[in-house]
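J.: Make a model of this:
(chains A, B, C and D, ligands or ions: 4)
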Amino acid sequence: MSITYLEAIREAQARALAEDDRVFIYGQDVGAFGGAFKATKNLAREFPGRVIDSPISEDAMLGLAVGAAIGGMRPIIEVQFADFSTVGFNQMVNQAGTHYWRTGMPCPITLRLPCGGTSGSGPFHSQSMEAIYAHYPGLVVMTPATVADAYHMLLDAVKIDDPVVFCEHKLLYYHLKGDLGSGDRLAVGKARIARVGRDLSIVTYGAMVHEATKAAEELAGEGIEAEVVDLRTVKPLDTDCIIASVARTGRLLCVGEAYPWGGVTAEVVARVAGEGFNFLDAPPMRLNAKDTPVPYHPDLWAVHRPSARSIADSARRLVQM
Amino acid sequence: MSITYLEAIREAQARALAEDDRVFIYGQDVGAFGGAFKATKNLAREFPGRVIDSPISEDAMLGLAVGAAIGGMRPIIEVQFADFSTVGFNQMVNQAGTHYWRTGMPCPITLRLPCGGTSGSGPFHSQSMEAIYAHYPGLVVMTPATVADAYHMLLDAVKIDDPVVFCEHKLLYYHLKGDLGSGDRLAVGKARIARVGRDLSIVTYGAMVHEATKAAEELAGEGIEAEVVDLRTVKPLDTDCIIASVARTGRLLCVGEAYPWGGVTAEVVARVAGEGFNFLDAPPMRLNAKDTPVPYHPDLWAVHRPSARSIADSARRLVQM
Amino acid sequence: MAFVEAEPTIELLSVKALRFMLVSRVLDDKFASLYRMGKIHGGVFLSRGQEALSVASALSLQPGDLYAPLIRDTAGRLAFGESLLDPIRTYLGSALGPMRGRDGNVHWGHPRLGMYAMISHLGAMISVVSGGLLAHRLQGRRSTVGLSSVGDGATSTGAFHEALNQAAVEQLPLVLVVANNCYAYSTPNNRQFACKSLVDRAVGYGVKGVEFDGTDLETCLRELGSAAARARSGQGPQLMIANLLRLCGHGEHDDASYVDPNLKTSQVGRDCLEVAIRKLVDSKTVTAEDVALWKSRAIDDVERAVAQGQREPGPDPYREDWSALSTEALVERNWPQ
Amino acid sequence: MAFVEAEPTIELLSVKALRFMLVSRVLDDKFASLYRMGKIHGGVFLSRGQEALSVASALSLQPGDLYAPLIRDTAGRLAFGESLLDPIRTYLGSALGPMRGRDGNVHWGHPRLGMYAMISHLGAMISVVSGGLLAHRLQGRRSTVGLSSVGDGATSTGAFHEALNQAAVEQLPLVLVVANNCYAYSTPNNRQFACKSLVDRAVGYGVKGVEFDGTDLETCLRELGSAAARARSGQGPQLMIANLLRLCGHGEHDDASYVDPNLKTSQVGRDCLEVAIRKLVDSKTVTAEDVALWKSRAIDDVERAVAQGQREPGPDPYREDWSALSTEALVERNWPQ
Ligand SMILES: Cc1ncc(C[n+]2csc(CCOP(=O)(O)OP(=O)(O)O)c2C)c(N)n1
Ligand SMILES: Cc1ncc(C[n+]2csc(CCOP(=O)(O)OP(=O)(O)O)c2C)c(N)n1
Ligand SMILES: [Mg+2]
Ligand SMILES: [Mg+2]
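T.: Numbering: from 1, shown residues only, chains lettered A, B, ... in the order given. Ligands and ions are numbered 1, 2, ... in the order given. Have a look, this model is predicted:
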């Protein structure tokens, strides 16, 4: 059965609520309304008292999550747009992220962040926040790219004892369809080879996995076989999988939708350069968004972020190096 | 005349206040008390009405700074410890950082952050925040390592039209002495060769410049000549200077006091790997703090952060590669 | 601020206000229709039911004052002095608009003219206005007033609290207008706060608080006029709570089916535009024909401005400088793209 | 909560409280002296003048309740049931302490026992207590009370506001105790807020508010006992404002020369410990000899505990697992070091 990425997120939450009494959902408009994106549609009705509307208080939402998690619950917090998590940031990085290390007591929170750009959303409804959270100790940062991953990784996030920042990409919400997969699932923290190739490794995550795959298909027509690595989780990073891919292809193009300074692409390239230096037949390449806020106008937005076209262009340059 | 790093910060603020009517200082306890670290000692008396105590409201402090900057002033905001800037973070990255790009009107704020670890300060009074701010567009992030830089770069920060995050390292406050230098000053955004060497480039910033220099002296006794690059400003990064150094030495060790995921060392290594690949005779190396909160106990703290010893160890390994 | 005292002046002011309200409503209708036709990038957020409050906010201000409008302040922005083209260009992403296609929908402003360009984070603009007021104070310009507009939902943010407290400590001439439209998106007041009225917050900040009917134009003009006058005369921050109802969805994608039908038929559910027209016609201040004429002019103006906006070019990504810093020497252009 | 009503019981409770206050004060003196001798890593932050409020806070709680002490709550922490060794081990960085040398000075706790380990960011613990209370509610444990302790300065944080409003909306059994000790570091109340009293904030959240004399033990016991009882019986959050004065520097590095001398000689400047002793001796509840004996026992206990703490090993960096995640499979060990 094929469902959307957003439906997968709803279904995962329904299942988590059904299977584990400790799970509850807290966030703005998540109750009867079903959430700004309808990711919690009908859940308040199906699980009375366990899907709770919050005031517009991101700091208190996450502080409450910490207390509830320490108190034996498994809160799922929905922030309406990832961009607004800046005002709840402190509770996540300084309270949730330090708790286990300081006290020995785990703090199992799932923070759901609708992330990433969509056309016409502008500077404050488009941001990718993974780099900010991943920088801090004590947090796991997931960036699912597929319907099956959205579903299973969200269930994983709720199950593991550590706080998880779950970066769901809004561009995939309605457009991406797929099934939930079956059989063997990758373990938490493992990357996935989304497409096998021999000429270069395109390492990426989230919505960019689909741009990279499109680019790879285009390149295939020109005889360039790109391997696409879907990181799935950006902290921890599956360095082994990345380096194994680079060892096969000799070339690395790392792609991210976030701002260019620091972040996932810097971390990946730094690790490959440090630990996989001898596998590199050419300088590693990065492709990020531009170093400005995310633009509103679709024409600007299309150029601000990497796209299948700019990925393919970079790949062509890389294989010629 | 030799003064401390902290005195240099005080003197720079005194001069900025004296030279430019638009400058004022706002922060907790900065007035009559002179600030938690005494960085504004006597300034309230010398500049009546222009050194203003704020309530404990980091968000409103930075919001006010934005409004004042747009209104023609040059606010200097002191946050008591960098760690607490998490709760003012949103105003800095989403308001100050986006303002020029969105509206064409610059937003000249200087945000003074007492950063970095000191013995016995623990997880919430020791953090290095440069990576978090540098990730965002629209901000300049300075990390002065010397007395002269603390002085002149703070004056630069106040003068330039863009918002600046000024990361002053607390460990240097009282212990580091020096003079204010004279004659030619490096331009904003330029790195500095703190020590010339031939065998490897140690690229670093802030308090780690001094650990790196100590390490370099130790290594010199063993015949290893390390070049030390003091980044001074981590956004923008002086890639040319870094790569020129690596071109001379063939080896890169990048050292930072912040958490290991992402951040300055990742960005530097990624750039050198990407743009200076052919200059590298060995894999680039990174040395960061460990991936836990900053520990309270001095014995833990000493191991958590890079030190002259661990830098020297890494350098030895690197030159043998 | 004589106008709030003498009867004739409030009538003139009401007429002026009404005309902005009419334009704002016509513009809203146009945006709604453009949205339905798929001609707008992203969401559309309307001001329906809030025009009286919004216009009165702006009209309480004088040249040189500061204004931080929010999501439902089309009327106020126009009354503050901006061109009809500004919202249109912003929504349409015109390169000639105040945001040059970089930012959109409700996120425009003219900071050089004292009208801030809001960011989305609720509550974040209040302290910005305080900063502007402090700047004026430090510059010796003591008669400035600053007005910041927020919704009931925004009162739950830490930013709201910090800013109001800060303004109270500094005794800044800040008028903080809360449009209590009963909902924050789908969240009703009783899930947002537990006090009887938001005006009960005033005493806790040591500021003057006033609660009033946001559906009645004259009340809005009087109350905000008085508040601005108090602020201007050194009486510190003014917390102004206006009760009304959002007569539309949160955005045009939202059918607002969650709104309590009883609210729609209660005092807060009145359409401030209809109320204003009825009152001004009843009092013979204006005639129904006047109103019809103004409305048809507004329709013409809006149509013409939209047509112009639609002809204007969007931004050209290849001519953008892609630089978030004004200091050219600090812009890094060497990231591989 | 019979004890707050019957005379004999409040006397017993006062005696119990006094003994914790004595221990806390002796411990403070010891920490001050260790600090002066350079035997403590980092800062030292004392509770002098706040012991009555702190101990009364903890004694208002029952087993299973939740407690978020703050910087000046040594007395309350002891009364909540922890060992004297805990603060000592934490300050000395003992590997056997609750924080294992990882965190220090005032940052310790026992979250498994319902006593949270504060972070430094002011105001941040309040919503954590609310989360604990919500957890209990969802688990069907409805009789829990949670108490969170803050200072006057912390009331200016967004976190304070969001948390109190949230607790009010959820009608959580939260007792929020504000120790208004007239200063936040060097900042006096008039630079922190502009309301007459912080208790004026209560109505704006729709919660019960009480202001009382934080220098009088019996008052503290009665007021906090009643507040906890109200919270437990479903009356929602309780905002408790206690007036007192910090009888020490912000930390031991601070000579507090900025403190207004008039405050020192006013009611808030009274030393709650002296007041309590005098009252209890005057009322013949205890004798001066009792007090002397308890104090000398406290000195012995503190000396013994400090001696033990000093003998204990600090953490061994080479045996640390350096892992901030509890899920071993997710810990990255491959960063070059
Ligand atoms: C800090 C923050 N959290 C969440 C949001 C998402 N959001 C945008 S508008 C809105 C509702 C605002 O309600 P209110 O303040 O009452 O204004 P209204 O829309 O009713 O005019 C929400 C939750 C936001 N913009 N900022
Ligand atoms: C968000 C935040 N900003 C700044 C600080 C630095 N700081 C630590 S204690 C303190 C003063 C606290 O005053 P108050 O809340 O009155 O408590 P008291 O020390 O008087 O007991 C300040 C400003 C902090 N801990 N957290
Ligand atoms: Mg509303
Ligand atoms: Mg205080």
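J.: pretty sure C:Gln166 contacts C:Ser127?
T.: Yes. C:Gln166 is within contact range of C:Ser127, at 6.2 Å (criterion: Cβ atoms under 8 Å). The way it works is simple: take the backbone N, C-alpha and C, and place the C-beta from them, glycine included.
J.: so what's A:Val165 up against?
T.: A:Val165 makes contact with A:Met92, A:Leu111, A:Leu113, A:Met129, A:Glu130, A:Tyr133, A:Ala134, A:Leu139, A:Val140, A:Val141, A:Met142, according to Cβ atoms under 8 Å, 6 or more residues apart in numbering or on different chains.
J.: So which of these are in helices?
T.: A:Glu130, A:Tyr133, A:Ala134 (DSSP state H).
J.: Which one (most neighbours) among those?
T.: A:Glu130 (29 neighbours; other Cβ atoms under 10 Å in any protein chain shown).
J.: Report the entries of the contacts of A:Val165 that also contact chain B.
T.: A:Ala134 (Cβ under 8 Å from any Cβ of the partner chain).
J.: could I get the ones in helices among the contacts of A:Val165 as a markdown table with pLDDT and distance to B:Ala96?
T.: Shown next, in a markdown table, are the ones in helices among the contacts of A:Val165 (pLDDT from 0 to 100; distance: Cβ to Cβ, whole Å):
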| residue | pLDDT | distance to B:Ala96 |
| --- | --- | --- |
| A:Glu130 | 98 | 22 |
| A:Tyr133 | 98 | 21 |
| A:Ala134 | 98 | 23 |
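J.: which one of these sits closest to D:Arg137?
T.: A:Tyr133 (28.9 Å; Cβ to Cβ).
J.: which non-adjacent residue is nearest that closest one?
T.: Distances taken as Cβ to Cβ, 6 or more residues apart in numbering or on different chains put A:Val165 closest to A:Tyr133, at 4.4 Å, once the chain neighbours are dropped.
J.: and if you look at C:Gln192?
T.: A:Pro55 (5.1 Å).
J.: So A:Tyr26, which state does it fall into?
T.: Assigned with DSSP: H, G, I helix; E, B strand; the rest coil, A:Tyr26 falls in the strand class.
J.: who's in contact with the residue nearest the centre of chain C?
T.: What sits nearest the mean C-alpha location of chain C, by Cα atoms, centre = their mean, is C:Asp73, with 2.4 Å. Residues in contact with C:Asp73 (Cβ under 8 Å, 6+ apart) are C:Ser47, C:Gln50, C:Ser54, C:Ser57, C:Ala58, C:Ser149.
J.: Would you reformat those as JSON lines and include neighbour count, secondary structure and distance to B:Val51?
T.: Converted to JSON lines, the contacts of C:Asp73 look like this (neighbours: other Cβ atoms under 10 Å in any protein chain shown; DSSP: H, G, I helix; E, B strand; the rest coil; distance: Cβ to Cβ, whole Å):
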{"residue": "C:Ser47", "neighbour count": "29", "secondary structure": "coil", "distance to B:Val51": "42"}
{"residue": "C:Gln50", "neighbour count": "33", "secondary structure": "coil", "distance to B:Val51": "41"}
{"residue": "C:Ser54", "neighbour count": "32", "secondary structure": "helix", "distance to B:Val51": "38"}
{"residue": "C:Ser57", "neighbour count": "32", "secondary structure": "helix", "distance to B:Val51": "34"}
{"residue": "C:Ala58", "neighbour count": "25", "secondary structure": "helix", "distance to B:Val51": "35"}
{"residue": "C:Ser149", "neighbour count": "30", "secondary structure": "strand", "distance to B:Val51": "32"}
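J.: from those, which single one is nearest chain B?
T.: C:Ser149 (14.8 Å; Cβ to the nearest Cβ).
J.: Surely that closest one is in contact with C:Ser57?
T.: Yes. Between C:Ser149 and C:Ser57 there is a contact at 6.0 Å, judged by Cβ under 8 Å.
J.: Now the common contact residues for those two.
T.: What both C:Ser149 and C:Ser57 touch, as defined by Cβ under 8 Å, 6+ apart, is the set C:Pro69, C:Asp73, C:Gly76, C:Val177.
J.: As TSV, those residues with secondary structure and pLDDT would be great.
T.: As requested, these are exported to TSV (DSSP: H, G, I helix; E, B strand; the rest coil; pLDDT from 0 to 100):
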residue	secondary structure	pLDDT
C:Pro69	coil	98
C:Asp73	coil	98
C:Gly76	helix	98
C:Val177	strand	98
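J.: buried sites along the longest helix seen in chain C?
T.: The helix that spans the most residues within chain C, counting by DSSP H, is helix C:7-36. For helix C:7-36, burial by neighbour count (16 or more other Cβ atoms under 10 Å in any protein chain shown) applies to C:10-11, C:13-14, C:17-28, C:30-32, C:34-35.
J.: give the contact list for A:Glu257.
T.: A:Glu257 touches A:Gly116, A:Gly117, A:Ser128, A:Gly206, A:Ala207, A:Met208, A:Asn288, A:Ala289, A:Arg305, A:Pro306, counting by Cβ under 8 Å, 6+ apart.
J.: and the third one, how many neighbours does it have?
T.: By the other Cβ under 10 Å criterion, the neighbourhood of A:Ser128 contains 29 residues.
J.: Surely it and A:Tyr205 touch.
T.: No. Judged on Cβ under 8 Å, A:Ser128 makes no contact with A:Tyr205 at a distance of 9.7 Å.
J.: just to revisit the earlier point, compare the contacts of A:Glu257 and tell me which is most surrounded.
T.: That'd be A:Met208 among those, by other Cβ under 10 Å, with 36 neighbours.
J.: separation between that residue and A:Lys214?
T.: 10 Å (Cβ to Cβ, to the nearest Å).
J.: before we move on, back to that, who are the packing partners of the longest helix of chain C?
T.: When contacts are defined as 3 or more Cβ pairs under 8 Å, 6 or more residues apart in numbering or on different chains; DSSP states H and E, helix C:7-36 sits against helix C:51-59, helix C:74-80, helix C:85-92, helix C:217-232, helix C:272-282, helix C:288-311.
J.: Could you tell me which residues make contact with the residue in the stretch 101-250 of chain A that ligand 1 sits nearest to?
T.: Minimum separation of the stretch 101-250 of chain A from ligand 1 (Cβ to the nearest ligand atom) falls at A:Phe124, amounting to 7.5 Å. Going by Cβ under 8 Å, 6+ apart, A:Phe124 touches A:Phe81, A:Asp83, B:Asn94, C:His107, C:Ile119, C:Ser120, C:His121.
J.: element containing the closest residue to it other than its chain neighbours?
T.: Nearest residue to A:Phe124, sequence neighbours excluded (Cβ to Cβ, 6+ apart): C:Ser120, at 3.6 Å. Under DSSP states H and E, no helix or strand contains C:Ser120.
J.: pLDDT score for C:Ser120?
T.: C:Ser120 is assigned 98 on the pLDDT scale.
J.: number of nearby residues for residue 154?
T.: Using chain A here. A:Leu154: 27 neighbours (other Cβ under 10 Å).
J.: could you do chain C instead?
T.: 24.
J.: Show the contacting residues for the residue nearest to C:Ile277 when sequence neighbours are not counted.
T.: In space, and not counting its chain neighbours, C:Ile277 is closest to C:Val291: 5.5 Å by Cβ to Cβ, 6+ apart. Contacts for C:Val291 (Cβ under 8 Å, 6+ apart) come out as C:Leu18, C:Leu22, C:Ile277, C:Leu280, C:Val281.
J.: Let's have the residues you listed in CSV, adding distance to A:Pro75 and pLDDT.
T.: Formatted as CSV, the contacts of C:Val291 follow (distance: Cβ to Cβ, whole Å; pLDDT from 0 to 100):
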residue, distance to A:Pro75, pLDDT
C:Leu18, 49, 98
C:Leu22, 48, 98
C:Ile277, 50, 98
C:Leu280, 53, 98
C:Val281, 55, 98
